[in-house]
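Trainee: prediction below, plus the sequence it came from.
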Amino acid sequence: MRKWLPLVAICLGTFMLLVDITIVTVALPDIATSLDASFSDLQWVMDVYALALAALLLGAGAIADLRGQRRVYLGGLILFAVASLACGLAPGAGTLVVARGVQGIGGAAMFATTMALIASTYRGRDLGVAFGIWGAVNGAAAAIGPVLGGLLTEHVSWRAIFLVNLPVSVAAAALTLAVVGEFRRPDGPRVDLAGTVTFTVSAAALVYGLIRAGEHGWGSAGTLGLFALSAVALVLFLVVESRIPHPLLELGLFRRGGFVAALIAGLTLSAAAFSVLTFTSVWLQAVLGHGPVRAGLAMLPMALAAFVVAGLGGRFLHAASPRLTIGVGMLLVGAGSVALSRLDAGSDSGSLQLGLLVTGIGVGLAIPALSAAAMSAVPPQRGGMAAGALNTFRQLGFALGIAVFGLLFHNGIRDQLSGHVANPDTVAAAIGQGQAARDVPPAALSAIRAAVPTSLGDVYLIAAIVAFTAGIAVFILMPRAVAHLAENAQPADGHPADGRSAAGRPDDGQSADGQSDGAPRDTDRPVTHADI
């Protein structure tokens, strides 16, 4: 039993950082009321966390290989805990946004090391079991997040959704120090600082520009300047990555159709399936008057369906082509979004269930196959880079979805209310803050009850188009047959034909720095971020 304690320590941190992506969704109206936060403030509360994860995942993995995987994981845990405390005590929206960004930095350090720590700690059948449990924890986090957020917000305070991280962080850190070994690779490639900075600037400027466009218009100097900055930073990123010996992301991988298809699916899946839930929660609470718990429960069918289908798929569909499971999964996400696009003034939370269920089935089919598809599409020594790129694109998709769909949601409500209320832009902003049902004039309520679900339905329709397009792209770009990851990386006996270990180094049973700290594991050979 003791051999599974390192997995418990790793999964505690993983669960916490992934729950924090969705736990905030149902708390947004209470946050807006408490901190007098605007609609764009709430978008940033969601977006800055995902942006930090997206921007720093690849770089954090490289740092972990050089400085030590356990050290970086612990550093991320501590930073995440401190930022969670700052979130829970935030006196204003600006402080909360900054603290959420720091949370994302800590989360990136943790998320970038979890798979490498598992692969370094376990071998053989135990490794498969460990990754299966880790994947189940990922699914459980998505399912529990909105409900846990609703319970804490409704019965304690929205601040509790952040403060609850403190005891979990302490437990995870103590257990990590006690049972998780240290693994490092001092001779690994240097950290691509220039690539990390330029990618971060490009992504952040793009998201900021989209959010700002909702407030100040597409043609404002500030909005255009942000888009220009994003484009320049992207060009610089491409130049840097094409010239340095150890890039953050090797551009040649984009010549591989399977890799590109996996990134497209990861990006669009996060946008189409998950980011729209933020605005669904606003409708449930601000217009229908549901409390946070009921709103969280209303969105639970999607997460539960994804969790169940992913588990069954791993057992019964492991021989199926990723092209089929990902492609069909994306088409089902699109079909579910079409069902959700039919919302109108007479809709209630029950109207969501069929669409969310179908979307969840699609998510459950697609997500488990994404990593295998991305990693199998590239040479084995680039598997870690491919996995990191996929996780980066998934978080970027969520951030872009919040920005783009938030803009469409706000503008749609404003346009629907034109001619029905005196100040449609102000009312649309109030709805975005979750305050419409309580604070708008009674005469405007009927118009709002029609405008919000109609606008939300339009957003779901756009999400459906995005998902359908991605599904078609997967069927076009991804090969019909993709080698299983294990076959791509090594033969059945567990050792590559060239006599090197699965970690890509001589199979001498030693850790990369030639040292072992005696932590319980099957072997002392480390597997670094670059090897996964």
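Mentor: Noted; the coordinates are in hand.
Trainee: in the helix or strand Thr33 falls within, what's buried?
Mentor: Assigned by DSSP states H and E, Thr33 falls within helix 28-35. Residues of helix 28-35 classed as buried: Leu28, Pro29, Asp30, Ile31, Ala32, Ser34, Leu35 (neighbour count, 16 or more other Cβ atoms under 10 Å). Where you see a C-beta, it was placed from the backbone N, CA and C, and this is true even at glycine.
Trainee: quick one: contacts for the third one?
Mentor: Counting by Cβ atoms under 8 Å, 6 or more residues apart in numbering, Asp30 touches Thr153, Ser157, Trp158, Pro292, Gly434.
Trainee: then the last one?
Mentor: With contacts defined as Cβ under 8 Å, 6+ apart, Leu35 is in contact with Asp41, Ala90, Pro91, Gly92, Ala93, Leu96.
Trainee: residue ranges in the stretch 351-500 of the chain under the pLDDT threshold?
Mentor: Filtered on pLDDT under 70, the stretch 351-500 of the chain yields the residue ranges 433-443, 481-500.
Trainee: show me where it has helices.
Mentor: For the stretch 351-500 of the chain, the helices defined by DSSP state H, counting those that start in this stretch occupy 353-376, 383-417, 424-432, 436-439, 445-477, 485-489.
Trainee: quick one: closest of these to Ala9.
Mentor: When the helices of the stretch 351-500 of the chain are compared by Cβ to Cβ, helix 383-417 sits nearest Ala9, at 20.4 Å.
Trainee: buried residues in that closest one?
Mentor: Those would be 383-414, 416-417, for helix 383-417 by 16+ other Cβ under 10 Å.
Trainee: cool, stretch 153-167 as well?
Mentor: By neighbour count with 16+ other Cβ under 10 Å, stretch 153-167 contains the buried residues Thr153, Glu154, Trp158, Arg159, Ala160, Ile161, Phe162, Leu163, Val164, Asn165.
Trainee: in TSV, list those residues along with distance to Arg323.
Mentor: As requested, those are exported to TSV (distance: Cβ to Cβ, whole Å):
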residue	distance to Arg323
Thr153	41
Glu154	43
Trp158	42
Arg159	45
Ala160	44
Ile161	39
Phe162	40
Leu163	44
Val164	40
Asn165	39
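Trainee: quick one: which of those residues is nearest Phe15?
Mentor: Asn165 (10.5 Å).
Trainee: chain neighbours aside, what residue packs nearest to that closest one?
Mentor: Distances taken as Cβ to Cβ, 6 or more residues apart in numbering put Ser84 closest to Asn165, at 3.9 Å, once the chain neighbours are dropped.
Trainee: go on, Pro146?
Mentor: Setting aside the residues directly before and after it, Pro146 is nearest to Gly296 in space (Cβ to Cβ, 6+ apart), at 3.7 Å.
Trainee: what does the host helix or strand of that neighbour contact?
Mentor: Gly296 is located in helix 292-298, with elements delineated by DSSP H and E. Residues from elsewhere that reach helix 292-298 (Cβ under 8 Å, 6+ apart): 25-27, 29-30, 146-151, 153-155, 281, 284-285, 290, 349, 352.
Trainee: give me the neighbour count for Leu77.
Mentor: By the criterion of other Cβ atoms under 10 Å, Leu77 has 26 neighbours.
Trainee: number of residues surrounding Ala345?
Mentor: 14.
Trainee: ok, it - contacts?
Mentor: Taking Cβ under 8 Å, 6+ apart as the test, what Ala345 contacts is Ser446, Arg449, Ala450, Pro453, Thr454.
Trainee: repeat that for 6 Å
Mentor: Applying Cβ atoms under 6 Å, 6 or more residues apart in numbering to Ala345 gives the contacts Arg449, Ala450.
Trainee: tell me the SS of it?
Mentor: Secondary structure, DSSP: H, G, I helix; E, B strand; the rest coil: Ala345 is coil.
Trainee: ok, so of the buried residues of helix 28-35, who is nearest Ala303?
Mentor: Closest approach to Ala303 among the buried residues of helix 28-35 (Cβ to Cβ): Leu28, at 17.7 Å.
Trainee: which residue is the nearest non-sequential neighbour of Val293?
Mentor: Nearest non-adjacent residue to Val293, counting by Cβ to Cβ, 6+ apart: Gly150, 3.9 Å away.
Trainee: for Arg190, that is, sorry about that
Mentor: Arg190 sits nearest to His246 (Cβ to Cβ, 6+ apart), 6.2 Å away.
Trainee: mind telling me what element Leu324 is part of?
Mentor: Short version: Leu324 belongs to helix 322-340, going by DSSP H and E.
Trainee: compute the inter-axis angle for that helix and helix 445-477.
Mentor: Using axes from the mean of the first three to the mean of the last three Cα atoms, to 10 degrees, the direction of helix 322-340 lies 160 degrees away from that of helix 445-477.
Trainee: could you shift the numbering so residue one becomes 816, and keep it that way?
Mentor: Noted, 816 is the first residue going forward, which turns the last one into helix 1137-1155.
Trainee: tell me what helix 1137-1155 is packed against?
Mentor: Helices and strands touching helix 1137-1155, by 3 or more Cβ pairs under 6 Å, 6 or more residues apart in numbering; DSSP states H and E, are helix 1168-1191, helix 1260-1292.
Trainee: so how far is that helix from its chain's centroid?
Mentor: 18 Å (Cα atoms, centre = their mean, to the nearest Å).
Trainee: what does that helix contact?
Mentor: 1080, 1087-1088, 1132, 1169-1170, 1173-1174, 1176-1177, 1180-1181, 1184, 1187-1188, 1275, 1278-1279, 1282-1283, 1285-1286, 1289-1290, 1293, 1295, 1297.
Trainee: also stretch 1274-1283?
Mentor: 1083, 1087, 1091, 1145, 1148-1149, 1152-1153, 1155-1156, 1220, 1223-1224.
Trainee: what does stretch 1014-1023 give?
Mentor: Stretch 1014-1023 has contacts (Cβ under 6 Å, 6+ apart) with Asp862, Leu866, Ala870, Leu1041, Leu1044, Ser1045, Ala1048, Leu1049, Phe1052, Ala1214, Ala1218.
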